[in-house]
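A.B. asks: Mind looking at a prediction? Sequence and model below.
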Number of protein chains: 2
Amino acid sequence: MLNDQELFTISQVAEITGLSVHTLRYYERIGLIRPIDRAGNTHRRYSSDDIGWVEFLLKLRATGMAIQNMKTYAELQRAGEETLEERVEMLKTLQFDVKAHIHELNEHLELIRHKIEFYSAVIAGQKQETSA
Amino acid sequence: MLNDQELFTISQVAEITGLSVHTLRYYERIGLIRPIDRAGNTHRRYSSDDIGWVEFLLKLRATGMAIQNMKTYAELQRAGEETLEERVEMLKTLQFDVKAHIHELNEHLELIRHKIEFYSAVIAGQKQETSA
DNA sequence: CTACAACTTAGAGTGTGCTCTAAGTCAAGT
DNA sequence: ACTTGACTTAGAGCACACTCTAAGTTGTAG
């Protein structure tokens, strides 16, 4: 697949990922993204793999993982296969935390549902009074 | 229940709710909590109702609701029964958002599960090689 | 060759949600 | 009356995750 060798400018990657060019450079600066290859030694050229990595980061971010934590993961990833076990440990911790978070959200959803029901009944009662 | 008339100092409320005394004052200052009654005109005395309200705020916060939004809700609450419909609308929006968030988290959980499985298989393969 | 849009860096600024400090007041025990 | 510890306010400071600015360089179309 020749298409996989296609390279992208920073603004194309911004378009594709939904991050701003500022944020892409920021992520690289703090080490969330590996130093991106340059065309003519200054302008960044992102590979499809780079974009895939950014999209994975976005998913980690969406789980609530802190940037420091993502950075640790990124460093392990770059260190190669020797760090696989450590990465699996991190993923298991994340899995545990996300499950707990979902559980908590479901509980709060229950409370919200109850409140909506209760208040709706009160409103119905108010309307009854008014029309009586 | 006479016990319901019991009053609490700010540090007791901090203990009960898990918020710091700083945060409790901060929440009052920005209008998330109504101006708490004072004993001898300076020291705050919280009622059980006040504590209940703080605990509800913590649940809203845990759903990811922004403070500005919580403040709006708090103001509607204080305005009385006339705002019930507006509050139900806010709760329905929150319900929708939380459901969407849970859905997203579940998707990411799937990805995490896949990665754990895949990496674990690779690790198992590595160990096989070493022992062979 | 020139115009001009897109890129570059270092570093400053912003919004959110706390968190702490300084300086002082109050309440309870001895 | 005095000490001690909990309380008070106004306002400064902090961590996080961006977001923007200034000043300059590069690449492409006419």
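C.D. replies: Okay, I see it. What you see is a predicted model; the values in this text were computed from it and never measured.
A.B. asks: Contact residues of chain A facing DNA strand D?
C.D. replies: Residues of chain A lying close to DNA strand D (CB under 7 Å from any atom of the strand) are A:20, A:22-23, A:25-26, A:39-40, A:42-43, A:61, A:66-68. Heads up, the C-betas are built off the backbone N, CA and C, glycines and all.
A.B. asks: run the last query once more with 10 Å
C.D. replies: Within chain A, the positions near DNA strand D by CB under 10 Å from any atom of the strand are A:9, A:18-27, A:29-30, A:32, A:38-43, A:45, A:57-58, A:60-61, A:64-71.
A.B. asks: Give the PyMOL command for selecting the buried subset of those residues.
C.D. replies: To isolate the buried members of those in PyMOL, using 16 or more other CB atoms under 10 Å in any protein chain shown:
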select buried, chain A and resi 19+24+25+27+32+45+57+60+61+65+67+70
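A.B. asks: among the residues of chain A next to DNA strand D, which are within reach of DNA strand C?
C.D. replies: Applying CB under 10 Å from any atom of the strand to the residues of chain A next to DNA strand D, those adjacent to DNA strand C are A:9, A:21-22, A:24-26, A:29, A:38-43, A:45.
A.B. asks: Would you state the strands of chain A in chain order?
C.D. replies: A:38-39, A:43-44 (DSSP state E).
A.B. asks: Need those in TSV (columns: mean pLDDT).
C.D. replies: Converted to TSV, the strands of chain A look like this (pLDDT from 0 to 100):
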stretch	mean pLDDT
strand A:38-39	89
strand A:43-44	94
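A.B. asks: export the ones you listed to a markdown table and tack on distance to residue B:81?
C.D. replies: As requested, the strands of chain A are exported to a markdown table (distance: least, CB to CB, whole Å):
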| stretch | distance to residue B:81 |
| --- | --- |
| strand A:38-39 | 64 |
| strand A:43-44 | 58 |
